[in-house]
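Student: no sequence on this one, just coordinates:
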């Protein structure tokens, strides 16, 4: 018995395979986007952590410099702002 062809002139089984291929491509594309989004989020978090650490370090350095200026210079220099 001959296979029934669709309106496209293609056997119905070929249309099912084409649909399956299309679904697999869509799934792979969605997985790729999910992995890319996760990697981007991780990268953004690392950058935020790095900047927070740098800001904390600069704040500590500023405090240390202010203490050293007050203790080292005594009454000779007024460092109030």
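Tutor: Thanks, I have the structure now. Everything quoted here is computed from the prediction, not taken from an experiment.
Student: return the distance of the helix or strand encompassing residue 26 from the chain's centre.
Tutor: Per DSSP states H and E: residue 26 is located in helix 12-73. Helix 12-73 sits 3 Å away from the centroid of its parent chain (CA atoms, centre = their mean, to the nearest Å).
Student: how close does residue 20 get to residue 27?
Tutor: Separation of residue 20 from residue 27 (CB to CB, to the nearest Å): 10 Å. (C-beta placed from N, C-alpha, C; glycine too.)
Student: how close does the residue nearest the centre of the chain sit to residue 80?
Tutor: In the chain, the C-alpha nearest the mean C-alpha coordinate belongs to residue 40, at 1.7 Å (CA atoms, centre = their mean). Separation of residue 40 from residue 80 (CB to CB) stands at 45 Å.
Student: would residue 80 count as being in a helix?
Tutor: No - looking at residue 80 with DSSP: H, G, I helix; E, B strand; the rest coil, it is coil, so not inside a helix.
Student: contacting residues around it?
Tutor: With CB atoms under 8 Å, 6 or more residues apart in numbering as the criterion, no residue contacts residue 80.
Student: for this protein, which residues score under the pLDDT cut-off?
Tutor: Applying pLDDT under 70 to the chain picks out residues 1-15, 72-79, 81.
Student: one more time with 90, if that's ok
Tutor: 1-24, 65-81 (pLDDT under 90).
Student: OK, contacts around the residue nearest to the centre of the chain?
Tutor: Per CB under 8 Å, 6+ apart, neighbours of residue 40: none.
Student: quick thing: my sequence starts at 29, can you match it?
Tutor: Sounds good: first residue 29 from here, last item residue 68.
Student: distance check, residue 87 against residue 63.
Tutor: Residue 87 is 36 Å from residue 63, by CB to CB.
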